[in-house]
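Student: Everything below, folded, please.
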Amino acid sequence: MTGKAENSGIWIEGPAAVSAGAMAAGPGARAVGSMQQAAVPADLDQLRAAIDALITQLQAAPAEIEDPELLAQVAASAGREVRKARPDKKILSGLLQAVLAGVTTSATLANAVVAIQHAISVLL
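Tutor: Below you'll find the predicted structure:
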């Protein structure tokens, strides 16, 4: 043993989760990725529309999402809350945090939820 570690690949062991757009390892390795960020709703009407779109996407039952029906129900609760005369920021934030926890395997849905969360923090 020379005391010098060699980088000859990616090693993942045990219960692990990796979320990456691009990964590469080893001599001459190269990875190119891109990230698309969801548009942040600018007003309450856009926020409502973004939550409705999220519900529709979850109801389509994306294969990479575990229990999309349950997540769609949670998102629908957020949709009802945001339609109130005075939506509760804490309730909305909690509901969207629960949805985010369930969509981490889909970058598109996770980005949409993060954009909605940002709008909630700014608009309410």
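Student: Poorly predicted segments of this structure, please.
Tutor: Counting by pLDDT under 70, the ranges of the chain that qualify are 1-37.
Student: Once you drop chain neighbours, what's closest to the residue nearest the centre of it?
Tutor: With distances taken as Cα atoms, centre = their mean, Ala110 lies nearest the centre of the chain, 1.1 Å away. Counting by Cβ to Cβ, 6 or more residues apart in numbering, the nearest residue to Ala110 once its immediate chain neighbours are dropped is Val103, at 5.2 Å. Backbone N, C-alpha and C define where each C-beta goes, glycine included.
Student: State the three-state secondary structure for Glu81.
Tutor: helix (DSSP: H, G, I helix; E, B strand; the rest coil).
Student: Am I right that the residue nearest to Ala110 is in contact with Val113?
Tutor: Yes. With the criterion set as Cβ atoms under 8 Å, Val103 and Val113 qualify as a contacting pair; they are 6.1 Å apart.
Student: show me where the protein has helices.
Tutor: For the chain, the helices identified by DSSP state H occupy 44-59, 68-82, 89-102, 107-123, in order along the chain.
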